[in-house]
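>>> Structure for this input, please:
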Amino acid sequence: MKAFKIASTTLFLLLLFAASCTSPSFTQTIQTQYDNATGTKNFRWNHRLHEFRWRSPLVYIDQSFVKQLDGDEVAQYRLYDIVVLRANEFRLEDKMFMLLDEKPVALQPRTREDDVMVSRDVDRDDILTADSTKISVVTGYNENNYRVTRLEYALSPEVVSQILTAASIQFRYYSGSNIITVSFSPEKVLRLKELLSST
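Numbering: from 1, shown residues only. Sure, this is the predicted structure:
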């Protein structure tokens, strides 16, 4: 009887987790903002991705997709990635791909920033000898080691057209011998298409 209760509870928690990952309420809404300084209308969608693979080097990826319309309704599209790897992993390589219905589309970053954020327990001697940068990093991230890469891409109208017709969307990154693949849920595919079609 006890084993049945444990199995039932485990199954319930797994179903709850699966529902939370696919429920639209867990996918952030599209934000709209008018910038009167530049005369542009901006649409932004932020979300987080994980690679569900044991011992993956990836902690998570935060993505922001931005559509900007100028006064003539001409659109520009940007993608901003924050890729967080474990600090003992290799640096994220410069080759990245978006897989649209399994077809690879190469992404070339316009800008890239690399940081290694290492945290550890801080004793008094560390505080007295460490510089201010190390102290702020240590106190900001407890008991975790991260390698953070920030990337900005421009998405061409051709790529946007391919996204709008794609049924599946994945992103692929490389770190040393590791191939990192993260996938959009069907709800996230729909949300991205909604953003790209926003007016």
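>>> For E73, which three-state class applies?
coil (DSSP: H, G, I helix; E, B strand; the rest coil).
>>> 712 is where my numbering starts, stick with that
Shifting the count to begin at 712 puts that one at E784.
>>> Report the contact partners of it.
Counting by C-beta atoms under 8 Å, 6 or more residues apart in numbering, E784 touches T910. C-beta here means a position set from N, CA and C on the backbone, and glycine is covered the same way.
>>> Y864 now?
R789, L790, Y791, D792, L818, Q819, P820, R821.
>>> And it, which helix or strand is it part of?
strand 856-866 (DSSP states H and E).
>>> All the helices of the protein, residue numbers only.
Taking DSSP state H as the test, the helices found in the chain are 713-733, 835-840, 843-851, 868-876, 897-907.
>>> which helices and strands does the fourth one pack with?
What that stands for is helix 868-876. If contacts are counted by 3 or more C-beta pairs under 8 Å, 6 or more residues apart in numbering; DSSP states H and E, helix 868-876 sits against strand 786-797, strand 807-811, strand 814-818, helix 897-907.
>>> circling back to that earlier point, tell me which two of the contacts of Y864 sit farthest apart.
Y791 and Q819 (14.4 Å; C-beta to C-beta).
>>> Tell me which of these two has more neighbours.
Each of Y791 and Q819 has its neighbours counted (other C-beta atoms under 10 Å); Y791 has more, 16 against 10.
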